[in-house]
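Participant: the following comprises the amino acid sequence and a computationally predicted model.
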Amino acid sequence: MTLKKAISGTNLEQAKSHNRRVVIEAIRTNGALSRAAIARLTALSSQTISNIVEELEEAGLLRPEATLKGARGQPAVPYSINPDGGYSIGLQLDHQLAVGVVSDLSGTMRARIERNVDRPTPAEAMPLLAAICDDLIANCRLDRKKLLGIGMAMPGPFGVEGMTSVGPTALPGWQGFPVADELERLTGIAVTVENDATAAAIGERLYGVARNLGSFVYLFIGTGLGAGLFLDGHLYKGSRHNAGEIGHIIVRPGGLACGCGKRGCLERYVSLRAAYDKLDLPDPDHASPALLEELLADGDSRFEAWLAEAVEPLRQAIDILEMALDPETVVLGGFMPLPVIEALAGRLEPLHLSVSSTSARTTPRVLVGAAGKDTSVLGAAALPIFSETNPQFDVLQKPVA
Ligand SMILES: [Zn+2]
């Protein structure tokens, strides 16, 4: 068995919750593992591993499998995730869609609900999201005691004064709205909110092309554009949860006016909204990604012109990310249809010369995400378990049975 590289742990007592996440993630990524194998993968001490495994087993989150006969010494007991040990709800809200899923502890999707929305305000969206949660809980007959929390993904940036409060890629009326508190009040369940790009990075790390990677950037091409940063085994979110909001870095000084108040922002060239605008659609608020897929298949000349115009700004963004962060790769994904992302990726070479252009690399500089259209919502469902800044993280500590 080839073991997938796990994130290194730490032996500091105060980092206990981090270590629990590391152990669960190592087993989720590799399948059943003995204590010794977990110790090898995570670089945690055997004593630390024993304590964590014992706690997680008591909480019903891990379960022992049939003993393996080792070549020497004591037979090793492999531990696997108990899928029914806990559940979490993932929600994703965007301009046209609200999606909810239930994920069990092994990451398997148990239920999925989708509702159409139309650039909803908080007053419209919050009752709908709460109703989706209720339906998911009822449909799966979930034991609320085993619900680890709700993770929600939505477009950022969050709470930036004077920026993006009115832009067409931001959802209207959400600036300063206490999403987590309000949803928690309506559902009675702990809520963690992240931007869609960060949630997608988690989804890709758990389910997609980034499974073996310790450092990568996820470029989320949605109505706007953002980056999820997974660096040295951790999500990097920034001091105000706005790290990776690179849709508003200027790539064309004096270029197209952006809703954020600047000109020449990256997302004015690379995003669903940029494509809709280039196509001169009469009602871009109601255009759909599926339309772009059709235009690509038809070889539509205006759509080809958008692709040609989007390539250089995207190359520039990749250059900046590579030079600033030295990731193993940049993953492209989001609400942009897969064939369109593949068409963009196929036009990116030659990429700019950067610290990433080394012949020693084993991963391509750019990868197309593999986790599919539910990457973000599945990543959101993993937030209650994997988000280290989640104040409710101790859910993994308290026995849920
Ligand atoms: Zn902007």
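Facilitator: Arrived safely. Note that this is a predicted model, so its numbers are computed, not measured.

Participant: find the nearest non-adjacent residue to Pro289, please.
Facilitator: In space, and not counting its chain neighbours, Pro289 is closest to Pro337: 5.0 Å by C-beta to C-beta, 6 or more residues apart in numbering. Heads up, the C-betas are built off the backbone N, CA and C, glycines and all.

Participant: who's in contact with that neighbour?
Facilitator: Applying C-beta atoms under 8 Å, 6 or more residues apart in numbering, we find Pro337 in contact with Pro289, Ala290, Leu292, Glu293, Leu296.

Participant: what's the spacing between it and Leu292?
Facilitator: Counting by C-beta to C-beta, to the nearest Å, the separation of Pro337 from Leu292 is 6 Å.

Participant: sorry, back to before: now which of the contacts of Pro337 would you call buried?
Facilitator: Pro289, Leu292, Glu293, Leu296 (16 or more other C-beta atoms under 10 Å).

Participant: I'd say the first one and Leu272 touch.
Facilitator: Yes: between Pro289 and Leu272 there is a contact at 6.1 Å, judged by C-beta atoms under 8 Å.

Participant: the stretch 251-400 of the chain: helices as residue ranges?
Facilitator: 272-278, 289-298, 301-325, 338-346, 375-386 (DSSP state H, counting those that start in this stretch).

Participant: tell me which of those helices sits most buried.
Facilitator: Neighbour counts (mean count of other C-beta atoms under 10 Å) averaged over each of the helices of the stretch 251-400 of the chain peak at helix 375-386, with a mean of 30.

Participant: pLDDT of that one, averaged?
Facilitator: Averaging pLDDT along helix 375-386 yields 88.

Participant: tell me how far that helix lies from the chain's centre.
Facilitator: 7 Å (C-alpha atoms, centre = their mean, to the nearest Å).

Participant: what's the end-to-end length of stretch 184-199?
Facilitator: Here the two ends of stretch 184-199 are set 19 Å apart, with distance taken as C-alpha to C-alpha, to the nearest Å.

Participant: try stretch 242-253
Facilitator: 22 Å.

Participant: how is the protein divided into domains?
Facilitator: Using automatic domain parsing, the domain ranges for the chain come out as 13-81, 86-199+376-396, 209-375.

Participant: re the thing from before, nearest to the ion, out of the helices of the stretch 251-400 of the chain?
Facilitator: The closest of these to the ion is helix 272-278. By C-beta to the ion, the value is 10.9 Å.

Participant: how far off centre is that closest one?
Facilitator: Mean-position distance between helix 272-278 and its chain equals 23 Å (C-alpha atoms, centre = their mean).

Participant: let me see the mean pLDDT of that helix.
Facilitator: 95.

Participant: how about stretch 84-101?
Facilitator: The average pLDDT for stretch 84-101 rounds to 93.

Participant: turn the buried ones among the contacts of Pro337 into JSON lines, including distance to the ion and pLDDT.
Facilitator: Output for the buried ones among the contacts of Pro337, formatted as JSON lines (distance: C-beta to the ion, whole Å; pLDDT from 0 to 100):
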{"residue": "Pro289", "distance to the ion": "21", "pLDDT": "92"}
{"residue": "Leu292", "distance to the ion": "21", "pLDDT": "95"}
{"residue": "Glu293", "distance to the ion": "26", "pLDDT": "96"}
{"residue": "Leu296", "distance to the ion": "25", "pLDDT": "97"}
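
Participant: state the pair within those that is farthest apart.
Facilitator: Pro289 and Leu296 (10.7 Å; C-beta to C-beta).

Participant: what is in contact with those two at once?
Facilitator: Contact criterion C-beta under 8 Å, 6+ apart; residues shared by Pro289 and Leu296: Pro337, Val340.

Participant: chain neighbours aside, what residue packs nearest to Leu56?
Facilitator: Leu62 (4.3 Å).

Participant: can you pull the contacts of that neighbour?
Facilitator: For Leu62, the contacting residues are Ile24, Ile27, Val53, Leu56, Tyr79, Ser80, Ile81, Asn82, Gly85, by C-beta under 8 Å, 6+ apart.

Participant: can we see that at 7 Å?
Facilitator: Val53, Leu56, Tyr79, Ile81, Asn82 (C-beta atoms under 7 Å, 6 or more residues apart in numbering).

Participant: go on, Ala190?
Facilitator: Contacts of Ala190 by C-beta under 7 Å, 6+ apart are Gly149, Ile150, Glu184, Pro384, Gln392.
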